[in-house]
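Engineer: How does the following fold in three dimensions:
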Amino acid sequence: MLMIQERLNVFRTDLAEANLDAMLIVNQANIRYLSNYTGDEAFLFISRGRSILITDFRYMEQAAQECPDYQIILHRHPAPPLTTIVNNLCVEQCVKRLAFERDHISYALYDELHNDVIDAVELEPFSGMTERQRYIKTPYEIEMLRHACAATDKTFAAVCEYIRPGVSEKDVARELIYAILNQGCDSSFPVIVASGVNGSLPHAIPTDKLLAKNEFITMDFGCKYNGYHADMTRTVFIGKADEKQRKIYDIVLEAKGRAESLIKDGVSARTVDTAARDFIAEQGYGGYFGHGLGHGVGLEIHEKPILNPSSQHVLKRGCLHTVEPGIYLPGWGGVRVEDTVLVTKTGHENLFTATRELISL
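Structural biologist: Numbers count the residues shown, from 1 in each chain. Prediction:
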């Protein structure tokens, strides 16, 4: 596959520049990005001359079909264990410096590598080699993400027709999952449904609480299409919002707009976060917005760039991320509005069409 070969060429260039002979890849999203493998239980061993996917018998046929650019090697009984295979590959290819993904490898696997790989091989912890490629989305990836976002728009429209007093948060969650599957997608993550006072919990787990009139319902959900994630949050209202409810919603929406007005190629992620955070603080609710403004989306639901007060990331043309300010008041409820956006040279493109204005059901 041309796309995979292009990615491998970039990866090998990075290997050479880092003076590394090979790398063991364990992160599932990185494995998919570099090989097209969609299953579980796999590892990539990529050297300057060979591309090897290591898996067990259950996935051998799938790996061969999905990864024509790779040699497939089996591990686990009756085949040798993973670390024995890695050691043998290092010996065969005269590997002196073997990198591993320091942010993803377990201590147990590191310990096994340390014990089983010959002393002549230096184990080098390395961070972000594949993630740097994934930071800027290719046209193909943007197409997949557009599809995921369009399906998420349709999911939101479907669930709004279902919401009414007397159904539970769990009922709404099940309807969201059904609507996502009905779009030919998978859920990007466990859906969040929080009504009334539960809305003060940013990552609330849906409960048996029944929806009631004159309260907010916050729903955080997304469709995953061909491995690529969308992420949307909408806070809707049953009935007619009172003055405070309307005020809180308008503050969140204004904060979101101020942040988005700064998004473009070359802007620091921290600057965008600050615009929303400072406005919420000016309105007297600074202590009630305690999470970052956003995060990258792609093959993972949370990836770079990260938008928060300490972020060192720079937004670049072709990267995608969320914008999701919120206000959470214990004992009262909360409001969050979130979109997935694509950074362009002069600004951004919102990949959702669903309204950000308050919907009263």
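Engineer: Which secondary structure state is assigned to residue 23?
Structural biologist: Secondary structure, DSSP: H, G, I helix; E, B strand; the rest coil: residue 23 is strand.
Engineer: ugh, typo on my part, it should be residue 147
Structural biologist: Quick answer, by three-state DSSP: residue 147 is helix.
Engineer: neighbours around it, how many?
Structural biologist: Residues lying near residue 147 (other C-beta atoms under 10 Å) number 19. Backbone N, C-alpha and C define where each C-beta goes, glycine included.
Engineer: Excluding chain neighbours, what is closest to it?
Structural biologist: Of all residues not flanking residue 147 in the chain, residue 225 sits nearest, at 4.8 Å (C-beta to C-beta, 6 or more residues apart in numbering).
Engineer: Return the set of residues that bridge with that neighbour.
Structural biologist: In this entry, residue 225 is beta-bridged to residue 228, by DSSP bridges.
Engineer: is it true that it touches residue 185?
Structural biologist: Yes: in this structure residue 225 lies within contact range of residue 185 using C-beta atoms under 8 Å: 5.0 Å.
Engineer: what do those two both touch?
Structural biologist: Listed contacts common to residue 225 and residue 185 are 148, 151; contacts here mean C-beta atoms under 8 Å, 6 or more residues apart in numbering.
Engineer: tell me which element the residue nearest to residue 300 when sequence neighbours are not counted is part of?
Structural biologist: In this structure, residue 300 finds its nearest non-sequential neighbour in residue 29, 4.7 Å apart by C-beta to C-beta, 6+ apart. Using DSSP states H and E, residue 29 falls within helix 28-35.
Engineer: what comes into contact with the helix or strand that that helix is followed by?
Structural biologist: Counting by DSSP H and E, the next helix or strand C-terminal to helix 28-35 is strand 42-47. When contacts are defined by C-beta under 8 Å, 6+ apart, strand 42-47 is touched by residues 8, 11-12, 15, 21-26, 28, 30-31, 34-35, 51-55, 59, 63, 70, 82, 85-86, 89, 93, 95.
Engineer: Only the buried members of the residues you listed: can you turn that into a PyMOL selection?
Structural biologist: In PyMOL, a selection of the buried entries from the contacts of strand 42-47 looks like this (16 or more other C-beta atoms under 10 Å):
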select buried, resi 8+11+12+15+21+22+23+24+25+26+28+30+31+34+35+51+52+53+54+55+59+63+70+82+85+86+89+93+95
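Engineer: can you list the weak-confidence ranges in the protein?
Structural biologist: For the chain, no stretch has pLDDT under 70.
Engineer: In contact with the residue most central in space within it, which residues?
Structural biologist: Among the residues of the chain, the one closest to the centroid is residue 301, at 1.6 Å (C-alpha atoms, centre = their mean). Shown in contact with residue 301 (C-beta under 8 Å, 6+ apart): 188-189, 222, 229, 231.
Engineer: Kindly report the same for residue 253.
Structural biologist: Contacts for residue 253 (C-beta under 8 Å, 6+ apart) come out as 337, 356-358.
Engineer: Give me the buried entries from those.
Structural biologist: Applying 16+ other C-beta under 10 Å to the contacts of residue 253, the neighbour count classes 337, 356, 358 as buried.
Engineer: What is the nearest of the residues you listed to residue 249?
Structural biologist: residue 358 (5.1 Å; C-beta to C-beta).
Engineer: which one is that closest one nearest to, not counting chain neighbours?
Structural biologist: What sits nearest to residue 358 in space, not counting adjacent residues and going by C-beta to C-beta, 6+ apart, is residue 249, at 5.1 Å.
Engineer: And the one you found, how far from residue 336?
Structural biologist: Distance from residue 249 to residue 336, counting by C-beta to C-beta, to the nearest Å: 10 Å.
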